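>>> With the sequence up front, the predicted model follows.
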Amino acid sequence: MLEELKRKVYEANMELPRYGLVTFTWGNASAIDRETGLFVIKPSGVEYEKLRPEDMVVMDLNMKKVEGDLNPSSDTATHCELYRAFPSVGGVVHTHSCWATSWAQAGRAIPCYGTTHADYIYGEVPCLRNLTEEELKDYEANTGKLIVEYFRKGDVEAVPCALCKNHGAFAWGKDAAEAVHNSVVLEEVARMAAQCEMINPRVAPAPQCLQDKHYFRKHGANAYYGQVSH
Ligand SMILES: O=C(CO)[C@@H](O)[C@@H](O)COP(=O)(O)O
């Protein structure tokens with residue numbers, strides 16, 4: 001079932017340690033097939049060196065396992081909430097990548113200090129609050145609901161990532177490969193922002209007009225970066 005999607009999700013997961021975003025088993029990638037409403041996700045706690053495409057687990061949007069011998073990722077309910085809420089989200093990645101997680105642990109949103117950030121993310125990367133003790137009873141689903149609640153008031157495409165306080169990072173995209181790409185961007189942006197504040201503790205965000213210029217060079221009707229044809 002969904003063999004091609006399983007292969008893509010497997011490849012996306014394998015990219016995470018290659019890019020240095022995942023240590024041991026600290027992360028997961030998934031992707032959804034919108035026609036069937038099923039999504040494919042990494043199994044929980046399986047070492048990346050041992051992972052195989054056929055180990056990927058198929059889930060439905062009611063959190064029922066449809067296919068797979070192994071337990072799905074412990075973060076499956078978070079991925080599921082994002083797929084349920086946002087039809088444009090086709091792939092989700094969660095990591096504990098060092099720099100993004102450092103901002104999450106510090107409880108800080110990442111300001112947009114430059115055009116590398118603005119090329120991909122419109123405005124700051126939010127750092128979402130801790131869950132309450134009550135909310136922690138359904139931890140992973142409520143983590144997803146918190147992200148959804150934030151982006152219902154925002155733009156889930158213009159800001160393709162978020163930090164969860166004291167936890168780690170989530171990123172998404174139209175498919176698993178784009179979600180991985182955005183995770184790499186997030187980690188680089190987080191690292192540069194931290195170093196930027198170290199070099200100049202009074203640094204200010206990049207001027208809004210420069211942020212706009214860079215974001216809209218690459219996104220929307222007037223984008224002209226790369227081999228775009230008008
Ligand atoms: O947050 C954590 C662990 O604290 C998990 O996201 C991470 O270890 C990945 O778990 P899975 O192997 O996907 O279940």
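Yes, it's here.
>>> ok, now which ones touch Leu107?
Let me fix one detail, which is that residue 107 is Gly and not Leu. Shown in contact with Gly107 (C-beta atoms under 8 Å, 6 or more residues apart in numbering): Cys127, Lys165, Asn166. C-betas here are computed from N, CA, C, even on glycine.
>>> Most neighbours among those residues, which one is it?
Using other C-beta atoms under 10 Å as the neighbour criterion, Cys127 leads those with 21 neighbours.
>>> got a list of what it touches?
Applying C-beta under 8 Å, 6+ apart to Cys127 gives the contacts Trp103, Ala104, Gly107, Arg108, Ala109, Ile110, Ala162, Leu163, Cys164, Lys165.
>>> Quick one: buried ones out of those?
Buried subset of those (neighbour count, 16 or more other C-beta atoms under 10 Å): Trp103, Ala104, Arg108, Ala109, Ile110, Ala162, Leu163, Cys164, Lys165.
>>> Now render those as JSON lines, adding pLDDT, secondary structure and distance to the ligand.
Listed next are those as JSON lines, based on pLDDT from 0 to 100; DSSP: H, G, I helix; E, B strand; the rest coil; distance: C-beta to the nearest ligand atom, whole Å:
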{"residue": "Trp103", "pLDDT": "98", "secondary structure": "helix", "distance to the ligand": "16"}
{"residue": "Ala104", "pLDDT": "98", "secondary structure": "helix", "distance to the ligand": "11"}
{"residue": "Arg108", "pLDDT": "98", "secondary structure": "coil", "distance to the ligand": "19"}
{"residue": "Ala109", "pLDDT": "98", "secondary structure": "coil", "distance to the ligand": "20"}
{"residue": "Ile110", "pLDDT": "99", "secondary structure": "strand", "distance to the ligand": "20"}
{"residue": "Ala162", "pLDDT": "98", "secondary structure": "strand", "distance to the ligand": "14"}
{"residue": "Leu163", "pLDDT": "99", "secondary structure": "strand", "distance to the ligand": "13"}
{"residue": "Cys164", "pLDDT": "98", "secondary structure": "strand", "distance to the ligand": "9"}
{"residue": "Lys165", "pLDDT": "98", "secondary structure": "coil", "distance to the ligand": "13"}
